[in-house]
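Participant: Okay, sequence plus prediction incoming.
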Amino acid sequence: MGKAVSLDGRGHLVIQTSREGDKIIDGCVRTKGKFAHAFGYYVACVRLPREQGHWSAFWLFEACYVQGNSWWNGTEIDIFEKFWPNDEVQHTLFWDPVGKHQLQQWHQTVTVPGIREGWHTFALWWKPDAYVYYVDGKETWRINPGAISHVPQYIMLSDETDTWCKDISKAKLPDEFLVDHVRVFDLVDKK
């Protein structure tokens, strides 16, 4: 899999951020070309990294682009992003509505005491009329930004570095983002 992405032998995916000389190594896994889905309930059980200077995320993506005179709408749905070494996580939605051709962004910051300790679940219920976000089974944000994407999207689990999420040179590396499982459920009507 690579230096940054591995399995730990106990059923967990490990995305590790490490230092190799002056270079920072981190990674990402995605289902692009293998699995994409629209609507349903998406959930991941993860253990978050502890150090600063890098951020982990569980997100859904498909490209947003103009095709001829019409707009094909994909959306970036960040089920969670963990930017800073505190008790906050962020839910984010990037969408580019028809006719405006400008990226729109909505986000909700949620404080969860002890979020960097132990295992936690992050989930999204992608409905035809709303995106509903959850942390540890508790609803933390519900939004309808004016339209809901109907485009199948692939899943990403990632860890990235950037200076705006604090100084990575002060981080004790390696640091790990662990994933126990990711599940996607279709919700069906009972007959």
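Facilitator: Arrived safely, thanks for sending.
Participant: use CA for all of it now, contacts and neighbours both
Facilitator: Will do.
Participant: who touches Ile115 in this structure?
Facilitator: Ile115 makes contact with Leu48, Asp87, Glu88 under the criterion CA atoms under 8 Å, 6 or more residues apart in numbering.
Participant: for the residues you listed, which one is nearest Arg142?
Facilitator: The shortest separation between Arg142 and any of the contacts of Ile115 is 17.4 Å, and it belongs to Glu88 (by CA to CA).
Participant: Was I right to think the closest one contacts Val112?
Facilitator: Yes - in terms of CA atoms under 8 Å, Glu88 counts as a neighbour of Val112; the distance is 6.2 Å.
Participant: Comparing these two, which residue is more hemmed in?
Facilitator: Using other CA atoms under 10 Å, the more surrounded residue of Glu88 and Val112 is Glu88, with 17 against 13.
Participant: sorry, back to before: could I get the contacts of Ile115 in TSV, plus columns for pLDDT and distance to Lys190?
Facilitator: Conversion of these to TSV gives the following (pLDDT from 0 to 100; distance: CA to CA, whole Å):
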residue	pLDDT	distance to Lys190
Leu48	97	36
Asp87	95	39
Glu88	95	37
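Participant: so of the residues you listed, which ones are in strands?
Facilitator: Among the contacts of Ile115, the members falling in strands (DSSP state E) are Glu88.
Participant: who does Glu81 bridge with?
Facilitator: Ala57, Gln90 (DSSP bridges).
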